[in-house]
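1. build me a model:
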Amino acid sequence: MTRVRAHTDVICDQRDTTLPEVLDATRAAAAAGDFVRALTHARRVIDDAQRLQHSVVREALAAGLDWWQIGDLLDLHPQAAFDTYAHLAGTARSPAQQRPHLAVVCTAGLAVAHDMLGEHGIDLDDLDAQHSLTIDPAVVQLRAAAQLLGDDVWIAVKLPGAYDGDDDLDDGAAIRRWTTVVRHPDELGWLREALTLNAENPADEEENDLQPLR
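-> Okay, the predicted model is just below:
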């Protein structure tokens, strides 16, 4: 761990002034009405804090923490932690590779152009609003983009099976398919139940009275 810790030591030692000095300079500049200078100092603090956080995450990854643990430290979905910090880990495995038993496959399509089929899984909107898949970065991005464009997007989820990631996605069937993960094992319980009921009663999906995990 000595070599890894030295990386954070270097980040801290590279500062030619202490944090209290920068804060005092920021306060003095703001009080004097020199807001350009004050913001320059403020941005320096932000940049230094970002570099320091990256160095700590790098240490945590080198110490063996996986993407769930990194996500918990930063209050991020494991996939979001991977997307943000994978470059610090070199050849790190993805969340789905680290914990394949928590992997799921999502498929998304535009409501006006694509039909959500039973083979795509169940509608993500049928899961509890607190389900961790609602904060998967791809889900957040797709929903934000659809809202910005004034379109409706459906997102279906199922357990990994015959396909993984973008494999076997027919042209025009949907806009995207990807593999992601859930944060907690118990979140898969309701998903399995819903998938089973959909498979047994595909015509009665709206009549199934399921209680989402909370």
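2. scan this structure for its longest strand.
-> Secondary structure of the chain per DSSP state E: the longest strand is strand 103-110.
3. direction included, what does that strand pair against?
-> Under the criterion DSSP bridges, strand 103-110 sits next to strand 153-158 (antiparallel), strand 176-181 (antiparallel) in its sheet.
4. how about those strands, which one is nearest Gly64?
-> Evaluated with Cβ to Cβ, these place strand 176-181 nearest to Gly64, the distance being 18.3 Å. Using the backbone N, CA and C atoms, a C-beta is placed for each residue, glycine as well.
5. measure how far that closest one is from the centre of its chain, please.
-> Mean-position distance between strand 176-181 and its chain equals 11 Å (Cα atoms, centre = their mean, to the nearest Å).
6. so, low pLDDT: which residues of this protein?
-> Residue ranges of the chain with pLDDT under 70: 1-17, 161-173, 199-214.
7. OK, contacts around the residue most central in space within it?
-> Note on the chain: the residue nearest the mean C-alpha position is Ala80, at 2.4 Å, using Cα atoms, centre = their mean. Ala80 sits next to Gly71, Ile135, Asp136, Pro137 when contact means Cβ atoms under 8 Å, 6 or more residues apart in numbering.
8. mind doing that once more with 10 Å?
-> Contact analysis of Ala80 by Cβ atoms under 10 Å, 6 or more residues apart in numbering lists Trp67, Ile70, Gly71, Leu74, Pro95, Ile135, Asp136, Pro137, Ala138, Val140, Thr180.
9. mind checking how far the second one is from Ala29?
-> Distance, Ile70 to Ala29, by Cβ to Cβ, to the nearest Å: 36 Å.
10. wait, Leu74 touches Gln53, no?
-> Yes - using Cβ atoms under 10 Å, Leu74 is in contact with Gln53, at 8.2 Å.
11. give me the common contacts of these two.
-> Tyr85.
12. contacts for the next helix or strand after the longest strand of the chain?
-> Tracing the chain past strand 103-110, the next element assigned as helix or strand by DSSP states H and E is strand 122-123. Under the contact criterion Cβ under 10 Å, 6+ apart, strand 122-123 has outside partners 116, 154-158, 190-191, 193-195, 197-198, 205, 208, 210.
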